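In: my questions concern the predicted model and sequence given below.
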Amino acid sequence: MENTSELLRQHDIKPSFTRVMIFDYLKENLNHPTVDEIFQALQTSLPTLSKTTVYNTLDLFIDKHLVQPLLMNQQKHYDLITDPHAHFKCERCDTIFDLDVKPPKLDKSTAANYHVYGTQLIYRGVCEKCQKHG
Ligand SMILES: [Zn+2]
Ligand SMILES: [Zn+2]
């Protein structure tokens, strides 16, 4: 696994302890957490942490194209930018799953006009677990 401090430095981000903690949390929790979820999870090990810091750090990561926000039900969820992938949102348990589906690439003439940083491709429905308990 790549060293987080090194990775942040490569993206012109000073790897403060808090930033590394937040980035590592996203790396270990690929379930698209919200600011609240990240804040609650890290609060115990970082008692001085504020929600604003989490929010600002995520904004910085977005700015440097390390993280992309997913807007769902007026809530922002955060996803590390890895391979482009689509998402599935379960309407019953509100879980967001990664799908092994790639969003379509723009054709060359369109891509020449737009500098794309990310895409959002979301499928909605009921997940396997909720179908069983449905
Ligand atoms: Zn579900
Ligand atoms: Zn994802």
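Out: Done, it's in. Ligands and ions are numbered 1, 2, ... in the order given.
In: same question for stretch 106-117, mean pLDDT?
Out: Across stretch 106-117, the average pLDDT comes to 87.
In: measure that stretch end to end?
Out: Terminal residues of stretch 106-117 lie 12 Å apart, using Cα to Cα, to the nearest Å.
In: buried residues in that stretch, which are they?
Out: Within stretch 106-117, no residue is scored as buried using 16 or more other Cβ atoms under 10 Å. Just so you know, the C-beta spots here come from the backbone N, C-alpha and C atoms, and that holds for glycine as well.
In: which residues touch that stretch?
Out: With contacts defined as Cβ atoms under 8 Å, 6 or more residues apart in numbering, stretch 106-117 is touched by His65, Gln68, Lys105.
In: what is the most centrally placed residue in the chain paired to in the beta sheet?
Out: For the chain, the residue nearest the mean C-alpha position is Asp79 (1.2 Å; Cα atoms, centre = their mean). Asp79 has these beta-bridge partners by DSSP bridges: Gln68.
In: right, and it touches Leu66 too?
Out: No: Asp79 is not in contact with Leu66 according to Cβ atoms under 8 Å; the separation is 10.4 Å.
In: my reading is that Leu71 is in a strand; is that accurate?
Out: Yes: counting by DSSP: H, G, I helix; E, B strand; the rest coil, Leu71 is part of a strand.
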